[in-house]
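Colleague: Here's my sequence, what's the structure:
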Amino acid sequence: MPVFVFPSSPMSYRGRFAPSPTGSLHFGSLVAALGSYLDARHHGGVWLVRIEDVDRTREVPGATDLILHTLDAFGFEWDESVEYQSRRDPAYREAIEKLQHTGLLYPCGCSRKDIRQQGRPGVEGPVYAGTCRNGLPPDLKRRTLRVRTEVDSITLDDRIQGRISQCLETEVGDFVVHRADGLFAYQLAVVVDDAWQGITHVVRGADLLLSTPRQIYLHRLLGQQPPEYAHLPLAVDRTGRKLSKQLASQPVDAEKPVPALLAALGHLDQPLPPEPLDSTAEILTWAVEHWDTHLIPAIAMRAADYTP
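Modeller: Numbers count the residues shown, from 1 in each chain. Modelled structure (predicted):
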């Protein structure tokens, strides 16, 4: 089976920041927003904001408005209208139909409990055992749709983390693209939307690095060019836990954005202005000019040096 290695795209730079509306913007999300924004602006590119609310069960009322307000308070300016995954179901259905034509999509009746009991350890949870690969067993009804993984290895050259190789079949297994609750899976939605918006460069947290081979695989099945990827070190607390809305991490202070912005630059080992700057606009202008991804450490996580 082939090993897919995807080079940089020759297209004009189009980047994006795509938060989920599960709470206010915390420091880890600010780092991702800043990294994607600076990379786009440094390359003279377009920077977009997309709200990834495909999972309605996790959405917190009012979170989208809070996130957009905070981004605005920090001086981030997006170039096109904000897009919402919750309005994109027809596009995801179309993608499912295209995948069905490949012959690699099949119904699965296994529950999460079944998968835990039958699967062996993988890079992100148990590897699906393939129970329904050759047809639903008589005692099971369809719960999800899975895509069959048939490549030996997918290799990507991450701009920060370096070369990453993953065998989907043995390290992940066949994965879900349409969930048991009727919602479309994140892996499918992000791939469809990145292609639709013409995204050429994705700069985001390293918590999504292990998902990237699945997304590249779906891009290729759908006949799309994958973007170029750069995964930033995650911001974690002193115990090593990822800063997240689910863990009730403190939001950044939109009323005092300068300290958080400087801390985020420091988290990415970017040079700081030699003299104190009072406005976010001045800091961002300086940071765009001096942005250098080669300075960002190729590590999965590091402790956040910021307290709201």
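
Colleague: Burial check on the residue nearest to Glu124 when sequence neighbours are not counted, number of neighbours?
Modeller: Once flanking residues are discounted, Glu124 sits nearest to Leu210: 5.4 Å by Cβ to Cβ, 6 or more residues apart in numbering. All C-beta atoms are positioned from the backbone trio N, CA, C, and that covers glycine. By the measure other Cβ atoms under 10 Å, the count of residues near Leu210 is 17.

Colleague: Could I get the full set of helices for the stretch 151-300 of the chain?
Modeller: Assignment of helices within the stretch 151-300 of the chain using DSSP state H, counting those that start in this stretch yields the ranges 168-171, 186-196, 212-221, 257-267, 280-290.

Colleague: how distant is the first one from the center of its chain?
Modeller: Its chain's C-alpha centre and that of helix 168-171 lie 20 Å apart, by Cα atoms, centre = their mean, to the nearest Å.

Colleague: can you pull the buried residues of that helix?
Modeller: 168-169, 171 (16 or more other Cβ atoms under 10 Å).

Colleague: pretty sure Gly266 is in contact with Ala260, am I right?
Modeller: No. With contacts counted by Cβ atoms under 8 Å, Gly266 stays clear of Ala260, the gap being 10.6 Å.

Colleague: Of these two, give the one with the bigger neighbour count.
Modeller: Higher neighbour count among Gly266 and Ala260: Ala260, with 25 against 14, using other Cβ under 10 Å.

Colleague: Kindly export stretch 107-116 (C-alpha atoms) in PDB.
Modeller: Below are the C-alpha coordinates for stretch 107-116, written out as PDB (Å, rounded to 0.1, in the frame of the first residue of the first chain):
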ATOM      1  CA  PRO A 107     -22.700   0.700   8.800                       C
ATOM      2  CA  CYS A 108     -21.500  -0.300  12.300                       C
ATOM      3  CA  GLY A 109     -23.700  -1.500  15.200                       C
ATOM      4  CA  CYS A 110     -21.000  -1.500  17.900                       C
ATOM      5  CA  SER A 111     -21.400   0.500  21.100                       C
ATOM      6  CA  ARG A 112     -18.600   2.300  22.800                       C
ATOM      7  CA  LYS A 113     -18.600  -0.500  25.400                       C
ATOM      8  CA  ASP A 114     -18.300  -3.100  22.700                       C
ATOM      9  CA  ILE A 115     -15.300  -1.300  21.200                       C
ATOM     10  CA  ARG A 116     -13.600  -0.900  24.600                       C
END
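
Colleague: what's it in contact with?
Modeller: Residues outside stretch 107-116 that contact it (Cβ atoms under 8 Å, 6 or more residues apart in numbering) are 118, 126, 128-129, 131-132, 136-137, 140-146, 174, 176.

Colleague: Go again with 10 Å.
Modeller: Contacts with stretch 107-116, where a contact means Cβ atoms under 10 Å, 6 or more residues apart in numbering, come from 117-119, 125-133, 135-137, 139-146, 173-174, 176, 178, 180.

Colleague: Please check those and keep the buried ones.
Modeller: 119, 126-132, 136, 140, 143-146, 173-174, 176, 178.

Colleague: Name the residue closest to the centre of the protein, please.
Modeller: What sits nearest the mean C-alpha location of the chain, by Cα atoms, centre = their mean, is Leu208, with 5.2 Å.

Colleague: so how far is Leu234 from that residue?
Modeller: Distance, Leu208 to Leu234, by Cβ to Cβ, to the nearest Å: 10 Å.

Colleague: Pull up the overlap in contacts between these two.
Modeller: Contacts common to Leu208 and Leu234, judged by Cβ under 10 Å, 6+ apart, are Ala32.

Colleague: Which secondary structure state is assigned to the residue of the chain most remote from its centre?
Modeller: Distance from the centre of the chain peaks at Pro138, with 37.0 Å (Cα atoms, centre = their mean). The local conformation at Pro138, judged by DSSP: H, G, I helix; E, B strand; the rest coil, is coil.

Colleague: so what pLDDT did it get?
Modeller: Predicted confidence (pLDDT) for Pro138: 88.

Colleague: Over to Asp207?
Modeller: Model confidence at Asp207 (pLDDT) stands at 93.

Colleague: Hmm, it is touching Val31, no?
Modeller: No. Counting by Cβ atoms under 10 Å, Asp207 sits too far from Val31 to count as a contact (11.5 Å).

Colleague: of these two, who's got more company?
Modeller: Val31 (26 against 17).

Colleague: so how far is Arg41 from the closest residue to that one other than its chain neighbours?
Modeller: Nearest-residue entry for Val31: Ala264, 4.9 Å, with adjacent residues in sequence omitted and distances by Cβ to Cβ, 6+ apart. Ala264 sits 15 Å away from Arg41, going by Cβ to Cβ.
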